[in-house]
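*Asks:* Below: sequence and its predicted model.
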Amino acid sequence: MINPAPEWEQRMADLWAAFDDHEPQAFLTNVEGLTSELTPGDAVAEYELASAHDSIGNEASAADHYGRAFEAGLSGSRRRQATIQYASTLRNLGRAEESVTILTKERDAGSDELDDAVTAFLALALTDVGREREAAGLALGALSRHLPRYNRSLSNYAKTLLEK
């Protein structure tokens, strides 16, 4: 199933909205219950399972589910979200170089409302691999677009950090 029914999507959204109301294992059990309504191996189900495992600190399990979601053809905004989340998970698993590779490729893949999230997580990964100056340049460049003033100045300083 590529696109779950709107009713299923709403139940999943409601569960995520109530994340803090659940103990970690109870939350995971609820996600497993909802995803079991989809076809086994469904890309969306694997993504939701990955996200749930990630959110409760089970990074190794999350990484496995992200891989299955990509293999099953996860697409659209969930694919980009999964890419960000997977790269973050890899960084947390001590695989920051892989995270850098994935997020660098993602930055070049297109543009949407998640661009700054991609950049922010790339900056974190760059810090982990000893490329702090580049990380600061990327982070400041992304931030410069959101300031009420000094946008051009900060953007120029960020570019300078990236050039050296």
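*Replies:* Arrived safely.

*Asks:* Helix, strand or coil: sort out L147 for me.
*Replies:* coil (DSSP: H, G, I helix; E, B strand; the rest coil).

*Asks:* and the nearest residue to it once chain neighbours are set aside, what element?
*Replies:* With Cβ to Cβ, 6 or more residues apart in numbering as the criterion, L147 has its nearest non-adjacent residue at 6.4 Å, and that residue is L154. (C-beta placed from N, C-alpha, C; glycine too.) Per DSSP states H and E, L154 falls inside helix 151-163.

*Asks:* Quick check: buried residues in that helix?
*Replies:* L154, S155, A158, L161 (16 or more other Cβ atoms under 10 Å).

*Asks:* Which of those sits closest to L138?
*Replies:* A158 (7.4 Å; Cβ to Cβ).

*Asks:* how is this structure carved up into domains?
*Replies:* 1-74, 99-164 (automatic domain parsing).

*Asks:* Export these to JSON lines and append columns for mean pLDDT and distance to N92.
*Replies:* Shown next, in JSON lines, are the domains of the chain (pLDDT from 0 to 100; distance: least, Cβ to Cβ, whole Å):
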{"stretch": "domain 1-74", "mean pLDDT": "95", "distance to N92": "5"}
{"stretch": "domain 99-164", "mean pLDDT": "94", "distance to N92": "9"}
